[in-house]
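S.K.: could you work out the structure for the sequence below:
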Amino acid sequence: MEWNHFDENGNAVMVDVSGKEITERIAVASGKIRVNDAVMSAIVNHTAKKGDVLTVARVAGIMGTKQTSNLIPMCHPLCLNKCTVDFEVKEAENIIKALCTVKVSGKTGVEMEALMGVNVALLTIYDMCKAMDRAMEIFDVHLEKKDGGKSGLFERSKEREQC
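M.R.: Residues are numbered from 1 along each chain as shown. Down below sits the predicted model:
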């Protein structure tokens, strides 16, 4: 087996993408955080002591996407065209779902950026609410969709149906 992140001497290297075509690429990732009743109430009613939790988490998630290459060793620095972080609040289940969508015109995909955005957004919710609930659980973080580049379209729901 030939590994593309190691050279012939076994040294870790970044993949050379200079020969690849620039294409429009998009990735969508999601994840969830389970909270207690007090946290859910504070988020929904905007009464958390640290401020508007979801607004801060949205900004943090966007900032996280832009720092991906600083944290994941073999990721290429990318000039992102667009990034959004959105939330679905499921009060009855005490679950908040984060969705991060990232777009780029480039030679490599933005899956890691979307996954980073989701994780940073969820960790920010945890940070802002930990005084009310240290047992919060971050779970089900995954890539929902990616498109563009040589490998084309991937949609998690369709892949799961084939399993």
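
S.K.: what residues does the spatially most central residue of the chain make contact with?
M.R.: The residue lying closest to the centre of the chain (C-alpha atoms, centre = their mean) is Leu115, at 2.5 Å. By C-beta atoms under 8 Å, 6 or more residues apart in numbering, the contact set of Leu115 is 27, 29, 100, 141-143. C-beta here means a position set from N, CA and C on the backbone, and glycine is covered the same way.

S.K.: rerun at 6 Å
M.R.: Contact partners of Leu115, counting by C-beta atoms under 6 Å, 6 or more residues apart in numbering, are Ala29.

S.K.: over to it: give its phi and psi.
M.R.: Main-chain dihedrals, Leu115, degrees, to the nearest 10: phi -70, psi -40.

S.K.: against Ile22, how distant is it?
M.R.: According to C-beta to C-beta, to the nearest Å, Leu115 stands 22 Å off from Ile22.

S.K.: what's the burial count for the spatially closest residue to Glu93 that is not a sequence neighbour?
M.R.: Closest residue to Glu93 apart from its sequence neighbours, by C-beta to C-beta, 6 or more residues apart in numbering: Arg34 at 7.8 Å. Arg34 is flanked by 18 other residues according to other C-beta atoms under 10 Å.

S.K.: and for Ser157?
M.R.: Ser157 has 8 neighbouring residues, counting by other C-beta under 10 Å.

S.K.: ditto for Val39
M.R.: Other residues lying near Val39 total 25 when counted by other C-beta under 10 Å.

S.K.: C-terminal to the host helix or strand of it, what's the next element?
M.R.: Taking DSSP states H and E as the definition, Val39 sits inside helix 37-44. Downstream of helix 37-44, the next assigned helix or strand under DSSP H and E is helix 53-66.

S.K.: and the pLDDT at the residue nearest to the centre of the chain?
M.R.: Leu115 carries a pLDDT value of 98.

S.K.: so for stretch 17-25, mean pLDDT?
M.R.: Taken as a whole, stretch 17-25 carries a mean pLDDT of 89.

S.K.: before we move on, back to that, contact partners for the residue nearest to Glu93?
M.R.: When contacts are counted by C-beta under 6 Å, 6+ apart, Arg34 touches 94-95, 137.

S.K.: now Gly10
M.R.: By C-beta under 6 Å, 6+ apart, the contact list for Gly10 is empty.

S.K.: repeat that for Val89.
M.R.: Counting by C-beta under 6 Å, 6+ apart, Val89 touches Ile96.

S.K.: what's opposite it in the beta bridge?
M.R.: Taking DSSP bridges as the rule, Val89 bridges to Ile96.
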